[in-house]
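Colleague: Predicted model and sequence below, questions to follow.
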Amino acid sequence: MKQETLTVLSNDALTKSVYRMRLAGDLSSFTRPGQFCNIAVPGFYLRRPISVCDIEGDVLTLLYKVVGHGTEAMAAMQPGTALDVLCGLGNGYDTAMSGDRPLLLGGGVGIPPLYGLAKALLAEGKPVRAILGFNTAEEIFFSDEFRALGVDVTVTTADGSAGEKGFVTDALPADCSYFYTCGPLPMLRAVYEKTHTSGQFSFEARMGCGFGACMGCSMKTADGGYKRVCREGPVFRKEEIVWEN
């Protein structure tokens with residue numbers, strides 16, 4: 001983890017509630033796709049943890065959803081704004097376990113970290129498939145960017161207004177041998193129950209510190225007691241996960 005000052009290059013709406021922010025600065029502490037940063041938003045006590053979508057040189061791309069006052073403040077930030085950011089947080093995805101034809105399963109704002117993962121897998125010479133799930137056609141974002149990388153993309157919408165009607169689990173291929181997933185908790189649980197192979201899950205959690213000091217984001221695991229989503233996670237192997245009612 002490193003504390004850096006990053007400068008906003010752009011901050012644009014992709015949908016009514018999802019924004020893309022590009023930041024410039026020292027990003028050397030990021031080592032894997034699936035890591036996140038923790039942004040200090042002026043006027044708010046707690047930082048906002050945001051997953052990393054992409055890194056190109058010294059430019060960091062974040063996609064985030066406006067869900068409260070803190071992210072509303074982020075959406076209003078203008079180019080040139082300097083932000084205090086904790087960088088290189090979390091463990092990220094392990095691409096060495098992907099097999100020959102990895103499948104990515106993303107839902108809503110769980111999709112952004114899968115973009116950087118897709119780039120990493122493609123760079124390793126692995127063909128990548130992705131199933132991206134949304135509620136409606138109006139909420140779709142970044143599917144074309146995945147396709148531009150060369151990813152075989154299937155889009156699902158819960159209401160059937162675009163792509164295949166249903167959820168990401170309704171479009172699971174029969175030949176899936178390994179998968180990576182990120183999205184809302186109900187989606188992750190459905191993926192867990194409907195897949196028959198190993199995979200890696202990226203969890204979201206409310207965080208106090210974002211680097212393991214406060215223990216506020218701990219979750220029970222099968223092989224190590226309680227682990228912190230911000231420190232030992234946010235990515236956990238399927239075999240580690242324990243679902244608590």
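Modeller: Great, that's in hand. Numbers count the residues shown, from 1 in each chain.
Colleague: List of residues touching the longest strand that the chain contains?
Modeller: If you go by DSSP state E, the chain has its longest strand at strand 2-13. Applying C-beta atoms under 8 Å, 6 or more residues apart in numbering, the contact partners of strand 2-13 are 19-29, 59-60, 74-75, 77-88. Where you see a C-beta, it was placed from the backbone N, CA and C, and this is true even at glycine.
Colleague: can you rerun that using 7 Å?
Modeller: The contact list for strand 2-13 (C-beta atoms under 7 Å, 6 or more residues apart in numbering) reads 19-26, 29, 59-60, 77-88.
Colleague: Can you select the buried ones among the residues you listed for me in ChimeraX?
Modeller: Command for ChimeraX that selects the buried part of these, burial taken from 16 or more other C-beta atoms under 10 Å:
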select :19,20,21,22,23,25,60,77,81,83,85,86,87,88
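Colleague: out of the contacts of strand 2-13, which are inside strands?
Modeller: 19-24, 59-60, 82-88.
Colleague: thought residue 49 was touching residue 40?
Modeller: No - the criterion here is C-beta atoms under 7 Å, and residue 49 misses it with residue 40 at 11.3 Å.
Colleague: So these two - more neighbours on which side?
Modeller: Each of residue 49 and residue 40 has its neighbours counted (other C-beta atoms under 10 Å); residue 49 has more, 23 against 15.
Colleague: Could you chop the protein up by domain?
Modeller: By the assignment in automatic domain parsing, the chain contains the domains 2-89, 95-204.
Colleague: tell me the average confidence for the last one?
Modeller: By that I understand domain 95-204. Domain 95-204 shows a mean pLDDT of 96.
Colleague: how long is that domain end to end?
Modeller: 20 Å (C-alpha to C-alpha, to the nearest Å).
Colleague: How many neighbouring residues does residue 123 have?
Modeller: The number of residues packed near residue 123 is 9, by other C-beta under 10 Å.
Colleague: and it, how far is that from residue 132?
Modeller: 20 Å (C-beta to C-beta, to the nearest Å).
Colleague: Likewise for residue 181?
Modeller: Distance from residue 181 to residue 132, by C-beta to C-beta: 11 Å.
Colleague: residues shared between the contacts of these two?
Modeller: Common neighbours of residue 181 and residue 132 (criterion: C-beta under 7 Å, 6+ apart): residue 106.
Colleague: Now for residue 187: which residues touch it?
Modeller: 107, 133, 167-168.
Colleague: If we use 8 Å, what do you get?
Modeller: 105, 107, 110, 133, 167-169, 181.
Colleague: what about it, helix or strand, and which?
Modeller: Element membership for residue 187, per DSSP states H and E: helix 185-194.
Colleague: rewinding a little: if we go by neighbour counts, what in the longest strand of the chain is buried?
Modeller: 4, 6, 8-9, 11.
Colleague: again with stretch 164-179
Modeller: Judged by neighbour count using 16+ other C-beta under 10 Å, the buried positions of stretch 164-179 are 167-169, 171-172, 176, 178-179.
Colleague: Could you do stretch 198-214 as well?
Modeller: Of the residues in stretch 198-214, 199-204, 207, 209-212 count as buried by neighbour count, 16+ other C-beta under 10 Å.
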